[in-house]
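Trainee: One predicted model, sequence on top.
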Amino acid sequence: MDAPVNFEKSSSRPAPQSPEGCLAVAIRVPVRIVVLVLVVPVRLVWDASVVGGRFLYRTVLRPLGRAVFVWPWVVLWRYVVVPVAKAVGWLANVLVLVPLGWAYRYVLTPVGHALAWTAQAVGAGLAWVYARVLTPVGHACAWIVGGAVAVVAWLGRYLLVVPAGWVYAWVLAPIGHGVAWCGRGLLWLVRAVGTGIGVVLYWAARMLLVLPAIALWRWVLTPVGRALAVVGREVWDALGHAWRIAGHISLAVGRLLGTLFRWIFVEPVSWAYRTVLTPVGHVVRDLVLRPAAEAARGVGRVTRQVLAAARESARQARADFRRMVFGEPRAPEPVERREPMGDEARTLGRSTTVLTKD
């Protein structure tokens with residue numbers, strides 16, 4: 001059978017919100033106006049401080065911080081700490097690790113092997129003593145102690161346990177039952193008296209404290225708290241709206257100041273640079289700087305030539321003074337060559353040389 005069709009409409013729409021009270025509607029607009037008037041200057045000062053702080057951080061504090069705090073530590077680490085650490089590590093390796101390794105290898109290892117062999121021999125001797133001497137003695141002592149314990153247990157049972165059980169069953173148990181019955185009766189009496197006193201105190205506290213406190217909470221504190229909550233919520237919402245509106249106002253004021261700064265300072269300076277200073281600079285470069293540079297290069301070339309001529313004259317004067325004082329220098333003696341001379345030299349018509357000649 002088919003399932004019955006449900007023709008009722010599904011309640012998928014959200015439930016309508018409860019209407020606001022007249023108190024919230026009455027205080028919303030005045031509070032928002034007052035808060036907006038108070039918040040707009042604060043937001044303008046805040047945005048100006050943020051912009052100035054960012055500019056100061058990017059242009060002054062960050063470079064100064066790097067120069068004062070970062071780079072000295074980097075230089076100290078790179079050129080002091082790292083070389084000192086490497087030197088200390090090398091000294092520790094040479095003075096500590098290498099001697100310790102040598103001592104472990106050539107001193108401690110043989111001594112350890114000797115001690116291990118000695119301990120093994122002593123352990124074997126102790127094992128033989130335990131198996132051949134201590135074990136039989138221990139078995140004998142255990143048999144003697146077991147017999148003594150059995151005798152003591154039999155004596156304790158019939159001299160202590162049995163009399164104590166009889167005393168508990170026929171003397172202590174009846175006395176304990178009587179004391180317990182008396183205690184239960186006394187406890188019931190105390191409980192009844194306490195219950196009566198508690199009921200009296202409960203109703204007295206309820207009439208004197210609880211009901212007045214409930215009335216104060218229900219008829220005084222709750223309405224006052226609701227009113228204060230409505231006022232606080234509206235003030236908080238007004239602060240949020242005023243802060244956002246002040247942000248838009250601050251953004252508009254900032255854009256206006258930026259536009260005025262661009263119109264008053266940036267564009268005139270750019271126009272003056274583009275239309276006045278650039279042509280003047282080109283004229284000064286073409287008419288003054290380039291001729292001055294060419295003249296300076298010419299003066300430099302003439303000066304270098306004059307200095308070269310002066311150096312050559314000084315060199316000639318020194319050479320003439322040396323010849324006048326010490327005479328002409330001795331001519332170099334001819335050096336004997338090892339090549340064949342005269343008819344013995346190799347010619348184009350012969351294939352023999354001095355080295356291959358008979």
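Mentor: Received the coordinates, thanks.

Trainee: Can you give me the neighbour number for V149?
Mentor: Look at V149: counted by other Cβ atoms under 10 Å, it has 10 neighbours. Using the backbone N, CA and C atoms, a C-beta is placed for each residue, glycine as well.

Trainee: Could you tell me the model confidence score at it?
Mentor: pLDDT, V149: 87.

Trainee: Distance from the chain centre to the helix or strand where it lies, please.
Mentor: Applying DSSP states H and E as the criterion places V149 in helix 135-156. Chain-centre distance of helix 135-156: 71 Å, with Cα atoms, centre = their mean, to the nearest Å.

Trainee: same check, this time on stretch 160-177
Mentor: On Cα atoms, centre = their mean, the centre of stretch 160-177 falls 76 Å from that of its chain.

Trainee: so for stretch 244-251, what's the average pLDDT?
Mentor: For stretch 244-251, the mean pLDDT works out to 85.

Trainee: List every C-alpha atom in that stretch, with coordinates, as PDB.
Mentor: Output of stretch 244-251 as PDB, limited to C-alpha atoms (Å, rounded to 0.1, in the frame of the first residue of the first chain):
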ATOM      1  CA  ARG A 244      32.800  52.000  10.900                       C
ATOM      2  CA  ILE A 245      31.300  55.400   9.800                       C
ATOM      3  CA  ALA A 246      34.400  57.200  11.300                       C
ATOM      4  CA  GLY A 247      36.600  54.800   9.200                       C
ATOM      5  CA  HIS A 248      34.800  55.800   6.000                       C
ATOM      6  CA  ILE A 249      35.000  59.500   7.000                       C
ATOM      7  CA  SER A 250      38.700  59.100   7.900                       C
ATOM      8  CA  LEU A 251      39.300  57.400   4.500                       C
END
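
Trainee: Please point out which parts of that stretch sit buried.
Mentor: The neighbour-count check on stretch 244-251 (16 or more other Cβ atoms under 10 Å) flags 245-247, 249-250 as buried.

Trainee: of the residues you listed, closest to W117?
Mentor: G247 (88.0 Å; Cβ to Cβ).

Trainee: show me what contacts the closest one?
Mentor: Counting by Cβ atoms under 8 Å, 6 or more residues apart in numbering, G247 touches 43, 47.

Trainee: Give me the below-cutoff pLDDT ranges for the stretch 201-350 of the chain.
Mentor: 327-350 (pLDDT under 70).

Trainee: What's the biggest helix in this protein, counting residues?
Mentor: Longest helix of the chain, by residue count under DSSP state H: helix 222-261.

Trainee: Can you show me the helices along the protein?
Mentor: 22-56, 62-65, 71-76, 82-92, 98-103, 109-129, 135-156, 162-167, 173-205, 211-216, 222-261, 267-272, 278-284, 290-326.

Trainee: per-residue pLDDT, the most centrally placed residue in the chain?
Mentor: Residue closest to the average C-alpha location in the chain (Cα atoms, centre = their mean): V70, at 16.2 Å. V70 carries a pLDDT value of 85.

Trainee: same check, this time on L355
Mentor: Looking at L355, its pLDDT is 47.

Trainee: got it, and A180?
Mentor: 89.

Trainee: can you count the residues close to it?
Mentor: For A180, the neighbour count with other Cβ under 10 Å is 10.

Trainee: Pull up the gap between it and F321, please.
Mentor: The gap separating A180 from F321 is 145 Å, by Cβ to Cβ, to the nearest Å.

Trainee: Then R304?
Mentor: From R304 to F321 the distance is 26 Å (Cβ to Cβ).

Trainee: Also T118?
Mentor: From T118 across to F321, the span is 98 Å (Cβ to Cβ).
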